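[1] compute the structure for the input listed below.
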Amino acid sequence: MEFTKRYDAVNNRLYVEDEHFVAHCHHYHSLLHRQITSIPIVDGKQIYYEAARDDTIDSLKRFFTKRSISDPQHKVSAAAAFYKYQGFGMLDFTHLSQTGGMVISPVSYMGIAYMNKFGKQSKPIDDYARGYIAAVCITAYGIVKDAVSVHQTRCLSCGDEYAEFKVEVR
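    Next comes the predicted model:
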């Protein structure tokens with residue numbers, strides 16, 4: 001799948017599929033995640049997950065509308081291609097349906113970044129991917145936002161060979 005991008009030199013802004021796009025390196029994302037999740041009085045993992053989910057829901061809805069994508073499976077494959085295009089890694093949605101399932105990520109930008117920056121982790125850390133996967137499920141299958149939850153069960157930063165996400169729909 002091809003994506004349109006343009007650079008507005010006057011305002012110094014990059015647009016991908018007519019969405020303002022800010023690219024950050026792994027240092028930014030891993031440090032931001034580490035700061036948010038280390039605050040003891042809030043659930044930083046949930047904040048990161050919900051922010052990723054909610055922002056991605058809005059972006060995917062606009063993207064699907066612009067591209068006239070209405071078939072759920074086409075939405076899922078387009079969202080997977082867009083995730084890869086953005087440089088976040090690869091998501092395999094083969095075992096996902098409107099009732100839930102599993103998503104596998106053989107390559108995870110955050111998992112690799114965390115491992116390289118902070119060493120091996122004891123718990124999964126890819127809350128952005130969790131939010132993105134939830135948004136894909138919500139927008140592709142028309143599920144109510146609060147009915148979807150995503151839990152990471154394997155993580156590259158924990159030394160696993162791939163990342164794995166369990167998707168539950170209530």
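[2] quick one: strands adjacent to the helix or strand bottoming out on mean pLDDT in the chain?
    Least confident element among the helices and strands of the chain, by mean pLDDT, DSSP states H and E: strand 19-21 (a mean of 75). Paired neighbours of strand 19-21 in the sheet (DSSP bridges): strand 13-16 (antiparallel).
[3] export the partner strand as CSV, just CAs?
    Output in CSV follows, covering the C-alpha atoms of strand 13-16 (Å, rounded to 0.1, in the frame of the first residue of the first chain):
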residue,chain,number,x,y,z
ARG,A,13,5.5,20.4,8.8
LEU,A,14,5.3,16.8,7.4
TYR,A,15,1.9,15.4,6.4
VAL,A,16,1.2,11.8,5.8
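[4] got the buried residues for it?
    Burial within strand 13-16, assessed by neighbour count using 16 or more other C-beta atoms under 10 Å, is assigned to V16. To be clear about C-beta, it is placed using only N, CA and C from the backbone, and glycine gets the same treatment.
[5] give me the contacts around the least confident helix or strand of the chain.
    By C-beta atoms under 8 Å, 6 or more residues apart in numbering, the residues outside strand 19-21 that reach it are 5, 13-15, 59, 62-63, 86.
[6] distance from the chain centre to that strand, please.
    Relative to its parent chain, strand 19-21 has a centroid offset of 16 Å by C-alpha atoms, centre = their mean, to the nearest Å.
[7] next SSE after it?
    Past strand 19-21, further along toward the C-terminus, the next helix or strand under DSSP states H and E is helix 26-37.
[8] list the helices and strands that following helix packs on?
    helix 44-67, helix 109-118, helix 127-141 (3 or more C-beta pairs under 8 Å, 6 or more residues apart in numbering; DSSP states H and E).
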